[in-house]
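Colleague: Please find the sequence and the predicted model below.
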Amino acid sequence: MSPTPTVAPYFGLFGGNPDPLVELLLSLIRGLAILVVALVVANFVKRWMVRLLSRSRISLNIAVLLGNVLQVVVIALGVLPVLRAFGIDWPAILTVLGAAGLALSLSMQDILKNVIAGIYILLEQPFKIGDHITVKDATGIVRGIELRTTIVSTDDGLQMVVPNNMVLNEIVTNRSASNLQRQVIVLRMPKGSLTEMSNQISATLKNFSAIAPSPAPVVALESVYSGVAKIRVEYWVPAGTRIATAPQVVEALQTSFPDANVTVV
């Protein structure tokens with residue numbers, strides 16, 4: 001009677017030696033699962049930290065900074081088990097991190113400059129989230145201050161992403177620091193002498209004590225199409241008075257220019 005053939009272990013699942021490929025795939029799956037969980041938890045922890053600190057007296061800038069730092073820490077804690085899952089021990093991890101840090105510092109100097117500038121902006125608070133600023137010939141509302149970039153919604157309805165290092169090195173005008181808000185009014189009227197129209201508009205604006213003398217109101221010709229001039233008028237008023245002042249200014253300009261179409265932007 002011939003001996004019963006022995007079934008060779010298949011990928012080490014039935015008592016044989018584990019297959020190296022299977023072990024590698026399992027380690028890879030476990031590592032990816034840990035990394036995904038770490039990213040999700042880090043994002044959740046960041047939002048939770050910002051919401052928690054925002055309810056206290058801590059500045060929103062500081063809350064965002066601490067949230068970003070905590071997010072990086074959680075991700076790092078998630079990456080370390082992934083490295084260990086592939087058999088990389090602590091000395092090797094520290095060696096790799098040291099070499100990677102040196103390489104990154106040399107090859108990503110611009111990014112590091114932006115990160116350092118972002119930390120400075122969040123700590124020193126030359127402006128805060130929600131402030132109305134002018135930077136690099138663009139004016140808008142600060143929507144976010146990240147570690148690398150500052151996000152500004154411009155008055156033209158665009159989203160501008162500015163590297164923090166540029167913000168730090170540029171002249172930034174914080175229009176909210178003086179508790180002033182900008183109002184924009186557009187006049188469309190038959191083309192005439194720009195100097196006369198500007199003088200008349202400026203004289204009309206001087207009748208309103210709420211309009212700040214500094215920064216001074218701006219009157220600019222934007223375009224002329226089919227004999228119709230589009231004139232942009234900007235002025236600044238104390239916060240809380242803009243909504244009440246705008247209709248009065250529109251009515252006064254409409255009286256001064258009966259043929260004009262006066263709208264609030």
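Modeller: Yes, it's here.

Colleague: Which strand residues bridge the residue nearest in space to the middle of the chain?
Modeller: The residue lying closest to the centre of the chain (Cα atoms, centre = their mean) is I151, at 2.8 Å. For I151, the beta-bridge partners under DSSP bridges are G144, V161.

Colleague: residues in contact with it?
Modeller: With contact set as Cβ atoms under 8 Å, 6 or more residues apart in numbering, I151 has these partners: V142, R143, G144, I145, Q159, M160, V161, V162. For glycine as for every other residue, the C-beta is placed from the backbone atoms N, C-alpha and C.

Colleague: And the strands in the stretch 151-265 of the chain, which stretches?
Modeller: 159-163, 173-174, 180-190, 218-225, 228-238, 261-264 (DSSP state E, counting those that start in this stretch).

Colleague: With distance to R55 and mean neighbour count added, can I get these in a markdown table?
Modeller: Converted to a markdown table, these look like this (distance: least, Cβ to Cβ, whole Å; neighbours: other Cβ atoms under 10 Å):
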| stretch | distance to R55 | mean neighbour count |
| --- | --- | --- |
| strand 159-163 | 27 | 15 |
| strand 173-174 | 25 | 15 |
| strand 180-190 | 26 | 17 |
| strand 218-225 | 39 | 12 |
| strand 228-238 | 28 | 19 |
| strand 261-264 | 35 | 14 |
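
Colleague: Which of those strands sits closest to L253?
Modeller: Nearest to L253 among these is strand 261-264; the distance by Cβ to Cβ comes to 5.0 Å.

Colleague: can you dump the C-alpha coordinates of that closest one into PDB?
Modeller: Taking C-alpha atoms only, strand 261-264 is exported to PDB below (Å, rounded to 0.1, in the frame of the first residue of the first chain):
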ATOM      1  CA  ASN A 261     -26.900 103.700 -11.100                       C
ATOM      2  CA  VAL A 262     -25.600 103.500  -7.500                       C
ATOM      3  CA  THR A 263     -25.200 100.000  -6.000                       C
ATOM      4  CA  VAL A 264     -23.600  98.600  -2.900                       C
END
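
Colleague: Sheet partners, orientation included, of it?
Modeller: strand 180-190 (antiparallel).

Colleague: Give me the mean pLDDT for the strand it pairs with.
Modeller: What strand 180-190 shows for mean pLDDT is 87.

Colleague: which two in the contacts of I151 are spaced the farthest apart?
Modeller: I145 and Q159 (14.2 Å).

Colleague: residues in contact with the closest residue in space to R182 that isn't next to it in sequence?
Modeller: Of all residues not flanking R182 in the chain, W236 sits nearest, at 5.4 Å (Cβ to Cβ, 6 or more residues apart in numbering). By Cβ under 8 Å, 6+ apart, the residues touching W236 are R175, L180, Q181, R182, Q183, I211, A212, P215, P217.

Colleague: what's the spacing between the fourth one and T149?
Modeller: Between R182 and T149 the computed distance is 23 Å (Cβ to Cβ, to the nearest Å).

Colleague: repeat for the first one
Modeller: Relative to T149, R175 is positioned 21 Å away (criterion: Cβ to Cβ).

Colleague: likewise the last one?
Modeller: From P217 across to T149, the span is 32 Å (Cβ to Cβ).

Colleague: Dump the helix or strand hosting I119 to PDB, restricted to CA.
Modeller: I119 is part of helix 109-124 when elements are defined by DSSP states H and E. Listed next in PDB are the C-alpha coordinates belonging to helix 109-124 (Å, rounded to 0.1, in the frame of the first residue of the first chain):
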ATOM      1  CA  GLN A 109      14.100  75.100   3.200                       C
ATOM      2  CA  ASP A 110      11.300  77.100   1.700                       C
ATOM      3  CA  ILE A 111       8.600  74.900   3.400                       C
ATOM      4  CA  LEU A 112      10.400  75.100   6.700                       C
ATOM      5  CA  LYS A 113      10.600  78.900   6.400                       C
ATOM      6  CA  ASN A 114       6.900  79.000   5.800                       C
ATOM      7  CA  VAL A 115       6.200  76.700   8.800                       C
ATOM      8  CA  ILE A 116       8.400  78.900  11.100                       C
ATOM      9  CA  ALA A 117       6.700  82.000   9.800                       C
ATOM     10  CA  GLY A 118       3.300  80.400  10.400                       C
ATOM     11  CA  ILE A 119       4.200  79.600  14.000                       C
ATOM     12  CA  TYR A 120       5.300  83.200  14.400                       C
ATOM     13  CA  ILE A 121       2.100  84.600  13.000                       C
ATOM     14  CA  LEU A 122       0.000  82.400  15.200                       C
ATOM     15  CA  LEU A 123       2.000  83.400  18.300                       C
ATOM     16  CA  GLU A 124       2.600  87.100  17.700                       C
END
